[in-house]
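Enquirer: here is a sequence with its predicted model. Questions after.
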Amino acid sequence: MNYRNLLIIAACIVSQKSYTQTWLSKNTQVRIFSSTPIEDIDAKTNTAVLALNEKSGKILMKLQIKSLSFPKKLMQEHFNENYMESDKHPTAEFEGVIQNIPDFTVAKTTELKVKGTMTIHGVKREIEVPISLTTSKDKVLGQSKFKVKCADYNVEIPKIVLKNIAEDIEVTILAELNPIKK
Amino acid sequence: MHLLKSILLGGYTLTTLSLSSQQDDLTKLLDSIAPSNSSEPVIATFKTTRLINLTTIEQVKRGELDFRIAHRFGDIAGNAGGASEFFGFDNVSDIRFSFDYGLTDKWQIGIGRSKGGGYGQSQVFDLNTKYKIKQQSNNGFPLAISVHGGLTYTSMESNHTLSSSENFDKTIAHRFNYFGQILFARKINDQFSVILAPTIVHRNLVTLGDNNTHFAIAAGARAKISKRVAIIGDYYQVLNVSSYQKALGHQMPIGLGLEIETGGHVFHALFSTNTGIMESQFLPNNTAKFTAGQVRLGFNISRIFTVLKD
């Protein structure tokens, strides 16, 4: 009896160590896209960071707002200065958990949902976004596309530019994750 | 049995500990590799390339063209103003049209044409340039430093009067004036920015008793009152006012205005004492006296066009 219990506990501790794998993408691509009949605006960065724990299904992502680059410099300045207030709120963050964690040992693409907290412009919101995960032995590819409503995050768009800036911004995320060895 | 219990408890604690530490590890991991914003450049110290009389450290970015119209009405009150002149709206003190283009994000060039502020020399063409030497950064260099300078050419008729500052018969060089400034600015917080600028103006032809070269210190500030509206102001202290200008009643140029930004436009509604718009005009010559009601309404409009996209 004693012996068996001890074994179970030992197995528990050991298994946790050996099975837990953390994946990391240092150059996560993020694209934001606003489309109106008058003007299409898109901005990109590839310096967002994303980490994933395959055991807990936890996903963390961090984006420096000022790293988003616009084709028009003035637009970039307005984006940071008037809309996102990047000096006050320098990052956008997401912290969530994958629903129905896939088997990372099998190479395949799975469409999943991630539930968690998005923080943009200092405003936290519970959201659920779709994610497509392509697992393989030494690489995980994560892709996601969803819409963010400016008003949800207290990003005001003045009436005068409503024709130029969409109320819903499309966000596309592309991350190539590599395993972290401990 | 007691031993087993404590082992179980210990095991359980260990398991939860290692679980929670994994979660913290994820946060730590991200924090350790996330690019820090510690030495980020400070942007938008000012909203546009000029305050009222003083230029700012802002540049037209690479591939962008800034078309500006600056307008100054006549005296609001005093001898030349009042109700009969509809508080200055019937008169134009000066108008300037200009184009500034960003060769790089640090270097802009511009051309302009102004009517001239009624100081003698009028019909003024100007060429100017601004170069960013140093950018302010968070936890880094505390100041933004730029140089700004240019020349003006008056295209007015020579008046052929001896010893007049509008007699250009002798040489074409007499039609040229020059100005130069070093700009030191700091965005103190996201609401408030200041600028200080040692300034030199050189005029090739002046009246007897006037100085060819004037030195001045300019100071300006911008205070945001909302995301798109700010109060702006600037002041020039001329350090060596000539005896000739003193006799005419030289006054220091003062500007105060409201800055409103709407997308690609920046609009200034302003008051200024000086009638002229170019540095080489208002700095040595200004005699408009604020306390005598010789202050005017004016506006600046800036529209940015993107010529080259990145």
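Expert: Cool, the structure landed.
Enquirer: show me where chain A has strands.
Expert: With strands called from DSSP state E, chain A shows them at A:22-35, A:40-53, A:58-64, A:91-99, A:108-120, A:123-135, A:140-149, A:168-180.
Enquirer: now do the stretch 201-310 of chain B
Expert: Counting by DSSP state E, counting those that start in this stretch, the stretch 201-310 of chain B has strands at residues B:213-224, B:229-238, B:254-262, B:265-272, B:296-306.
Enquirer: find me the pLDDT at B:Phe86, would you?
Expert: Looking at B:Phe86, its pLDDT stands at 89.
Enquirer: phi, psi for it please.
Expert: Dihedral angles of B:Phe86 (phi, psi; degrees, to the nearest 10) stand at phi 50, psi 50.
Enquirer: what about it, distance to chain A?
Expert: Distance, B:Phe86 to chain A, using CB to the nearest CB, to the nearest Å: 30 Å. Quick note: C-beta positions are derived from backbone N, CA and C, even for glycine.
Enquirer: one more: B:Val124?
Expert: 29 Å.
Enquirer: wouldn't that residue be in contact with B:Gln281 here?
Expert: Yes: B:Val124 lies in contact with B:Gln281 (CB atoms under 8 Å); the separation is 6.9 Å.
Enquirer: counting neighbours, go ahead and name the busier of the two.
Expert: B:Gln281 (31 against 26; other CB atoms under 10 Å in any protein chain shown).
Enquirer: show me the contacts for that one.
Expert: B:94, B:114, B:116-117, B:119, B:121, B:124, B:152 (CB atoms under 8 Å, 6 or more residues apart in numbering or on different chains).
Enquirer: ok so, going back, report the set of residues contacting both of B:Val124 and B:Gln281.
Expert: Common neighbours of B:Val124 and B:Gln281 (CB under 8 Å, 6+ apart) are B:114, B:116, B:152.
Enquirer: between the residues you listed, which sits nearest B:Gly298?
Expert: Minimum distance to B:Gly298 across those is 12.5 Å, recorded for B:Ser114 (CB to CB).
Enquirer: which ones are touching the residue nearest to that closest one when sequence neighbours are not counted?
Expert: Counting by CB to CB, 6 or more residues apart in numbering or on different chains, B:Ser114 lies nearest to B:Arg96, which is 3.7 Å off, once chain neighbours are set aside. Taking CB under 8 Å, 6+ apart, we find B:Arg96 in contact with B:68-70, B:112-115, B:277-278.
Enquirer: now do 10 Å
Expert: Counting by CB atoms under 10 Å, 6 or more residues apart in numbering or on different chains, B:Arg96 touches B:68-72, B:112-117, B:124, B:126, B:276-278, B:281, B:300.
Enquirer: around chain A, pick out the residues from the stretch 51-200 of chain B.
Expert: B:58-64, B:66, B:102, B:105, B:138, B:187, B:189-190 (CB under 10 Å from any CB of the partner chain).
Enquirer: among those, which lie within strands?
Expert: In strands, defined here by DSSP E, the members of those are B:64, B:66, B:102, B:187, B:189.
Enquirer: for the first one, which non-adjacent residue is spatially closest?
Expert: Going back to what we said before, that points to B:Glu64. B:Gly102 (5.1 Å).
Enquirer: which residues touch the one you found?
Expert: A:73, B:49, B:59-66, B:108-110, B:130, B:304, B:307-308.
Enquirer: pull out the buried members of those.
Expert: Buried residues within these, counting neighbours by 16 or more other CB atoms under 10 Å in any protein chain shown: A:73, B:49, B:59-66, B:108-110, B:130, B:304.
Enquirer: tell me the one of those residues nearest B:Asp25?
Expert: Out of the buried ones among the contacts of B:Gly102, the member with the shortest distance to B:Asp25 (by CB to CB) is A:Lys73, at 38.6 Å.
Enquirer: isn't the closest one up against B:Val60?
Expert: Yes: contact status for A:Lys73 versus B:Val60: in contact at 9.2 Å, counting by CB atoms under 10 Å.
Enquirer: shared neighbours of those two, anything?
Expert: Residues touching both A:Lys73 and B:Val60 by CB under 10 Å, 6+ apart: B:102, B:105, B:304.
Enquirer: what's around the second one, how many residues?
Expert: This means B:Asp105. Based on other CB under 10 Å, the number of other residues close to B:Asp105 is 15.
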